[in-house]
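Visitor: Give me coordinates for this.
(chains A and B)
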Amino acid sequence: MEEQLLQLLFTGLTLGSIYSIIALTLVTTFNVTGILNLAQGEFVVIGALSAVSLQGTGMPMMAIFIVSVILVAILGGLLERLTIYRARGASSLSMLIITIGLSISLRGLALLIWGTETYSLPAFSKGGSLTLGGATLNPQSIWIFALVAVTLASLYGFFEHTFWGKAVKASVYNPTGARLQGINLNTISFLAFVGAGGLGAAAGVSIGPITMVTYDMGFMLGVKGFVAATIGGLSNVGGAVIGGILLGLLESFSSGLISSGLKDAISMIILLGVLLIRPDGIIGAIRERKI
Amino acid sequence: MKKMTNGLKGKLWLALLLVLSLLISACSPSKETVVKTTTGNEPYKVGAVLDISGNSSSLGVPERDTLLMMVEKLNANGGVKGHPIELTIMDNKSDETESVLAVKTLIEKDVLAILGASSSGTSMAMIKTVQSEKVPMISLAAASTIVEPTGERQWVFKTAQSDIVMINKIISYLKKNNLNKVAFLYMNNSYGDNGKKALSAAVKDSGITIVAEEKFDANDKDMTAQLTKVKTSGAQVAIVWAIPPSASILTKNFKDVGLSIPLIHSHGVGNQKFIELAQGAADGAILPIGKFSVAQQISDNDPQKKVLGSYSVDYSKKYNAEPNSFGGYAWDAFNLLVNALEKAGPDRVAIRGELEKTQGFIGISGVFNMSPQDHNGLKEDSAVLVKVEQGKWKLIE
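Guide: Numbering: from 1, shown residues only, chains lettered A, B, ... in the order given. Okay, here's the model as predicted:
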């Protein structure tokens, strides 16, 4: 029984870290631009699929990782210039619809380029799974945990210790004031999407070895990331990570202990519960957008 | 952050974008491929609904390619008694609703018969429409409930071996090896459910007990939780009813959690993709499958040997890729239909009648002997048990 619980814990953490990393990218874009980017799942998929294609070149995994991140970061920036920037006067609802459109278009693009096949990506480190206390842990999960940790740390470092980070914060707290100080809001929105693209790709290449990659998996990942972000309060970076981990653990324990068929239902009921009882997320009441 | 000065320009762009995305989303569901020929007599219209994109695309894509290849070849050789076949292939995106829409579109086009769909769920969704419209349909999927009860399925046939045929094959393997406690893991969809029903019915009075029953979704990325339950259940063997990618992920997880009991899959994993996606973890897995995957290993006396070889050669020549048994289901369905068309002509009722009378048709999936009580026509001799060894199928009996 203990072994089983430990195994469920590991599984939950693995799933949770996947959801966390997507929630993180959603929340960061939302914080910086006020846009809920529903195309985030597609960034993840295109990152992973680019890595699949780059594998053919025989590059080492590390190089593939970096190139995919750069490619999708460029794509993110390009899309921001082509769509979000053009519509910068529009309401949040219009922005949301734009990102839905982007999501559908990107999925279509991925379908045209990579087709409907399922692809696999090699794990970052060679060797089988680790055994801890009778339960097994996939080494790739550790890489994903690491990615979450590094992302959290660098977001913190960026916002607290760099000029640009402070400029972003300023423009979120008081756009007019920031503009008067000479901070260019358009550049910040651009950077946010470059970052979302890059982070999304990093997430995609890291989770690929566990989840496999199909052109249409972005939607489900986006939904799970969104649920995780909502549980965490939608604007709280730490909350997104905790929300993701919680969702993963819930799914794992409910399918392991109650019923595997009810897994998704349970996580959706929790989402509804959170929204009804604590619409600001379980991590404290956060009224304003925070970084 | 809001600027009103650019409002108009912004709105224009927005409108353009919306129109664009609507266009894209509107185009995709009705995606269809029509193969037409301009010469000869009036063409016979045939429709196909396949799971070309989405979860079951690993089934639908080889089926589509096979159909395209065969229509081209048939029409080049003069078609059916001088009538070329005009084939319309629709993609149902592995979605049940899309499947129904596709069938209705095809029936409006006055097709004589419909091939498909690729998976059990999408096929089941089509049945009500073809039954009420009285259009012959040949499904390429496994579930026995597609053609049973026969009283309510007069118009429905299928070419893939029924799950019960495969289950019986597995049961005899279990008995031979004295494996009495079974853990059953299945996909939470129609394919998995039907596998479960067939297994529960087959184990009755056989001395075999199901000690664990676990579900997972086609989209699930990790089945460790379910396998942990299997581990503590005392099962001597695990039977999995799923298709890739989830079947591959499960196989990987199976190795990861250190389960050492035999792993038996269904014929739903009978393609190379399953082995590829499992990244080495598939070695040792056992499954019942049509003879096609081990065509080189079966005896030369086997009646199917020649057909299997020629399909394989044709397909690899055209697509530069290895065919698989799913393409074979499409091969069978198409040839059964062409045979019926030859005898019946362009008449749905007569086509149905001829399909039902099919006897001794040697196909890729087996030798078909249809009857009013059996719209599949395949028996246990159409399947063999194989084991994955170093990424290859190996005949084990």
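
Visitor: quick check: domain ranges of chain B?
Guide: Structurally, chain B divides into domains by automatic domain parsing as follows: B:32-161+B:306-378, B:164-292+B:383-395.

Visitor: Could you dump the ones you listed into TSV with distance to residue A:261 added?
Guide: Backbone N, C-alpha and C define where each C-beta goes, glycine included. Shown next, in TSV, are the domains of chain B (distance: least, C-beta to C-beta, whole Å):
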stretch	distance to residue A:261
domain B:32-161+B:306-378	16
domain B:164-292+B:383-395	5
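
Visitor: In TSV: those domains, plus mean pLDDT.
Guide: As requested, these are exported to TSV (pLDDT from 0 to 100):
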stretch	mean pLDDT
domain B:32-161+B:306-378	91
domain B:164-292+B:383-395	90
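
Visitor: immediately after the helix or strand that contains residue B:34, which helix or strand?
Guide: For residue B:34, the element it lies in under DSSP states H and E is strand B:32-35. Using DSSP H and E, the helix or strand that follows strand B:32-35 in sequence is strand B:44-50.

Visitor: centre of the chain versus that following strand, how much separation?
Guide: Relative to its chain's centre, strand B:44-50 lies at 16 Å (C-alpha atoms, centre = their mean, to the nearest Å).

Visitor: Direction included, what does it pair against?
Guide: Sheet pairing for strand B:44-50, assigned by DSSP bridges, gives strand B:85-91 (parallel), strand B:113-116 (parallel).

Visitor: what element comes up after it heading to the C-terminus?
Guide: Going down the chain from strand B:44-50, the next helix or strand is helix B:57-76, by DSSP H and E.

Visitor: Show me the helices in the stretch 151-291 of chain A, by range?
Guide: A:163-173, A:175-180, A:185-211, A:218-231, A:237-253, A:263-277 (DSSP state H, counting those that start in this stretch).

Visitor: Tell me which of these sits nearest to residue B:367.
Guide: Taking C-beta to C-beta, helix A:185-211 is the member of the helices of the stretch 151-291 of chain A nearest to residue B:367, at 40.9 Å.

Visitor: tilt between that closest one and helix A:218-231?
Guide: Angular relation of helix A:185-211 and helix A:218-231 on a 0 to 180 degree scale: 110 degrees, by axes from the mean of the first three to the mean of the last three C-alpha atoms, to 10 degrees.

Visitor: Give me the helices and strands touching helix A:185-211, please.
Guide: helix A:2-33, helix A:40-55, helix A:61-79, helix A:139-161, helix A:163-173, helix A:175-180 (3 or more C-beta pairs under 8 Å, 6 or more residues apart in numbering or on different chains; DSSP states H and E).

Visitor: Pick the most deeply packed of these.
Guide: helix A:40-55 (a mean of 26; mean count of other C-beta atoms under 10 Å in any protein chain shown).

Visitor: average model confidence for that helix?
Guide: Averaged across helix A:40-55, the pLDDT comes to 94.

Visitor: before we move on, the earlier item: can you tell me which of the domains of chain B is nearest to residue A:174?
Guide: Short answer: domain B:164-292+B:383-395, nearest of the domains of chain B by C-beta to C-beta, at 41.5 Å.

Visitor: Would you mind putting the strands paired with strand B:44-50 into JSON lines with mean neighbour count alongside?
Guide: Shown next, in JSON lines, are the strands paired with strand B:44-50 (neighbours: other C-beta atoms under 10 Å in any protein chain shown):
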{"stretch": "strand B:85-91", "mean neighbour count": "24"}
{"stretch": "strand B:113-116", "mean neighbour count": "30"}
